[in-house]
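Participant: Sequence plus the predicted model coming up.
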Amino acid sequence: LQHSAASTPTTSTNDQGQSTKMPLQLRNEIRDYVSVVCSQYHPVGFHSFEHASHVMLSASKLVSMLKTSTSADQFTINDPWLHFAICFAALLHDVDHRGVPNQQLALENNPISLKYCSKEYMGSYAEWNSLEIGMDLLESDEFSLLRETIDNKQFRSVISDLILCTDIASQERRDLCKKRWKTTICSADASSTVADHIMQVADVSHTMQHFDTFLKWNERLYREILAVYEYSGKDNPTRAHPSENWYESQLGFFDFYVIPLAERLDASGVFENLDGKTFTKLAKHNRARWCEEGETCTNMMIASTKQISLLPPRTGVSRFEAHNTSSTSTNGLGEKSDSICSEDVVLDEFSVEQSTVRSELSNPFTVKSATPRKNASKWGKIPKVCMRQ
């Protein structure tokens, strides 16, 4: 962005007082764009802005670990636009997610599923919805410089692939990603294929980080799925309660998705100073911990969930209403929060070591609720895309 901006660079400073050449208008547009995207996330159990923040920070960490060598015998991903696209897609990938899986959206004939019902969409209703929101938002006049800066890099096509590959519930989508890996990993298209895998790893990065981080997000996912069951499926005799096979389902998730994904990314050899088995090692470490402690953790999680009132899934809530949600709300877990991002989101290193101190001093990768800037757009006129049902 810094080198491709159309306007003359203006010297400004970042939060650490360091000088930067990025145009001030562009910096402001990026801040405002992130703020509006944040407002379009719903306070659901798992697929909230906290999740998007965690995925984006994890993606940024993964990009920072890439090799920088340009020797002929080493495959690298040195395109800074691709690095930016990965993080940008991570920010958008679950925007307007209602806490309801695609399969349930289809069963309920939700307007989102009806809009993207054609075969070409492969049932990735929520993902296409998120993609359209993010791309349509760029068409707003408030983001003219940001749009002009990134439109010359086939940006939309790249973002589309990165967001759609996160629909891991779609067998057709998973098979497509695996096929691309087999057919392109040794070709000129290898960079885009590896980028897809970086995005997929970032999306489930909690499974390869500290075990307590895995437990935190595992419980949030359970509560989100339980809310769908309580409000939509408990009267269906063919539908099992999520607690009945939760422990076993997590082992299956590691065995059939997480570990194979980690093995493919390790095999790409694109990361600096790693032994070639890093992500596989981390995934297997957490799987082993879950195998030993998962039943106890599941029982504790089920017991704690019974003590709270789960909010119903946000089916039918408009994006415009989400934008105007009161600043004091619940975070989808039955807990009060003062903002959409109810707590600081701390990115854990990709490491098997347990974190004993988790603070800004020990880990600088933190996201806090944004402080409004002076003279910032008040968003009195919301882009049309945000007003659609």
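Facilitator: Received it, and whenever you're ready, just let me know what you need.

Participant: can you tell me which residues contact Thr184?
Facilitator: Counting by C-beta atoms under 8 Å, 6 or more residues apart in numbering, Thr184 makes contact with 190, 192-193. (C-beta placed from N, C-alpha, C; glycine too.)

Participant: And it, how close does it get to His51?
Facilitator: 29 Å (C-beta to C-beta, to the nearest Å).

Participant: cool, and Cys117?
Facilitator: On the measure of C-beta to C-beta, Cys117 and His51 end up 26 Å apart.

Participant: More neighbours: which of those two?
Facilitator: When neighbours are counted by other C-beta atoms under 10 Å, Cys117 and His51 differ, and His51 comes out ahead with 24 against 12.

Participant: What pLDDT does the model give that one?
Facilitator: As predicted, His51 sits at a pLDDT of 97.

Participant: same question, the one 5 residues further on
Facilitator: Model confidence at Met56, expressed as pLDDT, equals 96.

Participant: Whichever strand or helix holds it packs against which elements?
Facilitator: Per DSSP states H and E, Met56 falls inside helix 49-64. Contact here means 3 or more C-beta pairs under 8 Å, 6 or more residues apart in numbering; DSSP states H and E; on that basis helix 49-64 packs against helix 80-92, helix 190-203, helix 211-228, strand 345-346.

Participant: now the strands for the protein?
Facilitator: For the chain, the strands defined by DSSP state E occupy 12-13, 19-20, 329-330, 336-337, 345-346, 366-367.

Participant: returning to what we had before: return the member of the helices and strands packed on helix 49-64 having the minimum mean pLDDT.
Facilitator: Among the helices and strands packed on helix 49-64, strand 345-346 scores lowest, with a mean of 39.

Participant: is it true that Ser60 touches Phe84?
Facilitator: No - look at Ser60 against Phe84 with C-beta atoms under 8 Å: they stay out of range, at 10.0 Å.

Participant: which intervals of the stretch 101-250 of the chain have sub-threshold pLDDT?
Facilitator: 152-153, 188, 233-235 (pLDDT under 70).

Participant: give me that answer again for 90
Facilitator: 107-108, 149-156, 171, 174-192, 230-240 (pLDDT under 90).

Participant: could you pull out the helices for it?
Facilitator: Along the stretch 101-250 of the chain, the segments classed as helices by DSSP state H, counting those that start in this stretch run 102-107, 111-115, 125-138, 144-150, 155-164, 171-184, 190-203, 211-228, 246-253.

Participant: Please enumerate residues in contact with the third one?
Facilitator: Counting contacts by C-beta under 8 Å, 6+ apart, the residues outside helix 125-138 that touch it are 33, 36-37, 40, 91-98, 100-102, 105-106, 110, 112-113, 115-116, 121, 143, 146-147, 150, 156, 159-160, 163-164, 166-167, 319, 383-386.
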